[in-house]
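Peer 1: Sequence and computational prediction follow.
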Amino acid sequence: MRRYVAAIDQGTTSSRCIVFDQGGRVIGVAQREHEQLFPKPGWVEHDPETLWRNTELVLGEVLGRQSLSAADIAAVGITNQRETTVVWERATGEPIHNAIVWQDTRTDRLVGELGGEHGPTRYADRTGLPLSTYFAGPKLRWILDHVPGSRERAEAGELCFGTIDSWVLWNLTGLHVTDVTNASRTMLMDLRTSSWDPRICAEFGIPEAMLPEIRSSSEVYGEITSGPLAGVPVAGILGDQQAATFGQACLLPGEAKNTYGTGNFMLLNTGTTPVFSKHGLLTTVCYRLGDQPAVYALEGSIAVTGSLVQWLRDNLGIIASADEIEPLARSVEDNGGAYIVPAFSGLFAPRWRPDARGVIAGLTRFVNRAHLARAVLESTAFQTLEVVDAMRADAESQHLDLELTTLKVDGGMTGNDLLMQFQSDVLDVPVVRPVVTETTALGAAYAAGLAVGYWPSTDEIRANWAADTTWRPTMAAEDRARRIAAWNKAVERTYDWVD
């Protein structure tokens, strides 16, 4: 049997390839960062050809470093930044525009027009999503409206649309395919049928001829056609947050994880029936294995968490590197009364306020750079608390037995002990980090390995998961309530900034 499974993780800031063994342990990693393009305020783009070129490079690099070949790899899985939108020519594979990134807000007026008299919930009963700049469908419509000749070419079947998984798979195999988790983030898929919704596509003005085929998250899609992994099957696709949920072995209803990356994304497994949120959460497909029924999740998506640390570093120059933030924040006892609400792209879950913009509230002459560093970290924990509270409210209002008793965490910011302790304190539940923290890539590897029999069943996935560090709440209830009240006052100051 081939010894390993590889995962391509094409993320918001970098492309990586990670090789795993049967115990879910990391054997090798290669990574390349790519440029973030900001053509106008609120616009965020990537060069799709750079994303693919970097993906090719990391595939070769990780194999070379570990002296591996295609004969050692049982399958390849793909995980990706979700909602980021690419359109390319079917005949040549050339993109017709830069990729429009999930953080981009250029479609703010368009989503208002699409909602019409129904408002942002117009399609929520079918898609599980509010109309928002976040999702891929409005971004695709923007490209068709603004790239000359693209609509006519799309209607003629000459153009392909895809989220980044589809773009990577196209370049690996020549197939135009997506999986159900990524399709569920477009606003164009009916959650219950896992198929494109013709009525929504028509109302969005999107020709169905340009949409990829929707498949499960774990099956053999095709073989890689060239390069060092030629002949190896691509057998798993999961959007990055669903991949992290799968990699964290959140396989039963009520199990949840929170990923701390560029943004924060919490998913709560709700089983095989979609639960439609009444408190600002998204209903999404968690995963689908082969021909088994789809498993759904409630999701809280937070736009700015890790990227706020980058902003503190790159825009304000308060720190020189991201790892400086924890010792700086530890040099003071608290935030000095300062709260930072990073509504750079509006507020995502559970408030969904595209009119909001970021604020720093509670400033006095007492506040210094260390207090601001602490406020940056605390902002991540407070935003996560809002999502947890929304999940609890949904569970209570819909009489669901989905109480969160422990939060599994992953992502780069979980290496920050100060943040993790504060997260446990404001949630008032234990926070647990696993031994293997590369859970996003691991989830994609699991999906691919299951499809080819490398892992016989999900029992092995659950057995592989092991806790590394647990943080338990120590904050007094009165202190917790006071800080949360101040945070809510700060958030309300962000409203109505954009007309």
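Peer 2: Nice, I can see it. All figures in this text were calculated on a predicted structure; none of them were measured in a lab.
Peer 1: could you point out which element follows whichever helix or strand Leu51 is part of?
Peer 2: Using DSSP states H and E, Leu51 sits in helix 48-65. As assigned by DSSP H and E, the chain's next helix or strand after helix 48-65 is strand 73-80.
Peer 1: Run through the neighbouring helices and strands of that next one.
Peer 2: Applying 3 or more CB pairs under 8 Å, 6 or more residues apart in numbering; DSSP states H and E, one finds that strand 73-80 contacts strand 4-10, helix 164-173, strand 233-239, helix 240-247, helix 439-451. To be clear about C-beta, it is placed using only N, CA and C from the backbone, and glycine gets the same treatment.
Peer 1: the helices in the stretch 51-200 of the chain, which residues?
Peer 2: Along the stretch 51-200 of the chain, counting by DSSP state H, counting those that start in this stretch, helices occupy 108-115, 124-127, 136-146, 150-155, 164-173, 180-183, 198-204.
Peer 1: got the ones you listed as CSV, with distance to Pro212, mean pLDDT and mean neighbour count columns?
Peer 2: Listed next are the helices of the stretch 51-200 of the chain as CSV, based on distance: least, CB to CB, whole Å; pLDDT from 0 to 100; neighbours: other CB atoms under 10 Å:
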stretch, distance to Pro212, mean pLDDT, mean neighbour count
helix 108-115, 22, 90, 16
helix 124-127, 17, 92, 18
helix 136-146, 11, 96, 22
helix 150-155, 13, 94, 18
helix 164-173, 5, 97, 26
helix 180-183, 8, 97, 28
helix 198-204, 13, 95, 15
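Peer 1: Format those helices as TSV; extra columns: distance to Gly93.
Peer 2: As requested, those are exported to TSV (distance: least, CB to CB, whole Å):
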stretch	distance to Gly93
helix 108-115	27
helix 124-127	29
helix 136-146	16
helix 150-155	14
helix 164-173	7
helix 180-183	19
helix 198-204	23
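Peer 1: Return the residues in contact with Thr494.
Peer 2: Val341, Ala343, Leu347, Arg353, Ala356, Arg357, Gly358, Val359 (CB atoms under 8 Å, 6 or more residues apart in numbering).
Peer 1: Val19 is nearest to which of the helices and strands packed on strand 73-80?
Peer 2: Nearest to Val19 among those is strand 4-10 (5.0 Å), distances taken as CB to CB.
Peer 1: got the angle between the helix or strand following that closest one and helix 439-451?
Peer 2: Next in sequence after strand 4-10, counting helices and strands by DSSP H and E, comes strand 14-20. Following axes from the mean of the first three to the mean of the last three CA atoms, to 10 degrees, one obtains 50 degrees for the angle between strand 14-20 and helix 439-451.
Peer 1: still on that earlier bit, of the contacts of Thr494, closest to Pro198?
Peer 2: Within the contacts of Thr494, proximity to Pro198 (CB to CB) peaks at Arg353, which comes in at 31.4 Å.
Peer 1: Verify the contact between the closest one and Leu347 for me.
Peer 2: Yes - the pair Arg353 / Leu347 is scored as a contact, 4.3 Å apart, by CB atoms under 8 Å.
Peer 1: So these two - more neighbours on which side?
Peer 2: Ranked by neighbour count (other CB atoms under 10 Å), Arg353 and Leu347 place Leu347 first, with 26 against 18.
Peer 1: was I right about Pro138 contacting Leu114?
Peer 2: Yes - with contact defined as CB under 8 Å, Pro138 and Leu114 form a contacting pair (6.8 Å).
Peer 1: which neighbours do the two share?
Peer 2: Joint contacts of Pro138 and Leu114 (CB under 8 Å, 6+ apart) are Leu131, Phe204.
Peer 1: For the protein, give me the ranges with low pLDDT.
Peer 2: Low-confidence segments of the chain, defined by pLDDT under 70: 1, 402.
Peer 1: which residue ranges form the strands in the stretch 201-350 of the chain?
Peer 2: In the stretch 201-350 of the chain, the strands defined using DSSP state E, counting those that start in this stretch lie at 213-215, 218-223, 233-239, 256-260, 264-271, 282-287, 295-302, 339-341.
Peer 1: Most tightly packed of the ones you listed?
Peer 2: Among the strands of the stretch 201-350 of the chain, ranked by average contacts under mean count of other CB atoms under 10 Å, first place goes to strand 233-239 (a mean of 30).
Peer 1: counting contacts, what elements does it pack onto?
Peer 2: Counting by 3+ CB pairs under 8 Å, 6+ apart, the packing neighbours recorded for strand 233-239 are strand 73-80, helix 164-173, strand 177-179, helix 180-183, strand 218-223, helix 439-451.
Peer 1: So what's the gap between that strand and the chain middle?
Peer 2: Offset of strand 233-239 from its chain centre (CA atoms, centre = their mean, to the nearest Å): 16 Å.
Peer 1: Same question for stretch 412-429.
Peer 2: The chain centroid and the centroid of stretch 412-429 are separated by 20 Å under CA atoms, centre = their mean.
Peer 1: Run through the helices of the stretch 351-499 of the chain in chain order.
Peer 2: Applying DSSP H, counting those that start in this stretch to the stretch 351-499 of the chain gives helices spanning 369-397, 417-427, 439-451, 458-464, 477-492.
Peer 1: who's in contact with the shortest one?
Peer 2: Which is helix 458-464. Contacts to helix 458-464, defined as CB under 8 Å, 6+ apart, come from residues Gln22, Gly23, Gly24, Phe246, Ala249, Leu251, Leu289, Val436, Tyr446, Leu450, Trp455.
Peer 1: can we see that at 7 Å?
Peer 2: Gly23, Gly24, Ala249, Leu251, Tyr446, Trp455 (CB atoms under 7 Å, 6 or more residues apart in numbering).
Peer 1: Select, from those, the two members most distant in space.
Peer 2: Farthest apart among the contacts of helix 458-464 - using CB to CB - are Gly23 and Leu251, which lie 17.6 Å from each other.
Peer 1: Have a look at the two and say which one is more surrounded.
Peer 2: Each of Gly23 and Leu251 has its neighbours counted (other CB under 10 Å); Leu251 has more, 17 against 10.
Peer 1: how much space between the closest residue to the more buried one other than its chain neighbours and Leu191?
Peer 2: What sits nearest to Leu251 in space, not counting adjacent residues and going by CB to CB, 6 or more residues apart in numbering, is Thr458, at 5.7 Å. Distance, Thr458 to Leu191, by CB to CB, to the nearest Å: 22 Å.
Peer 1: surely Ile318 meets Leu372?
Peer 2: Yes - counting by CB atoms under 7 Å, Leu372 is a contact partner of Ile318 at 6.4 Å.
Peer 1: Who has more neighbours out of those two?
Peer 2: More crowded of Ile318 and Leu372, by other CB under 10 Å: Leu372, with 23 against 17.
Peer 1: mind listing what that one touches?
Peer 2: Residues counted as contacts of Leu372 (CB under 7 Å, 6+ apart) are Ile318, Ala338, Ile340.
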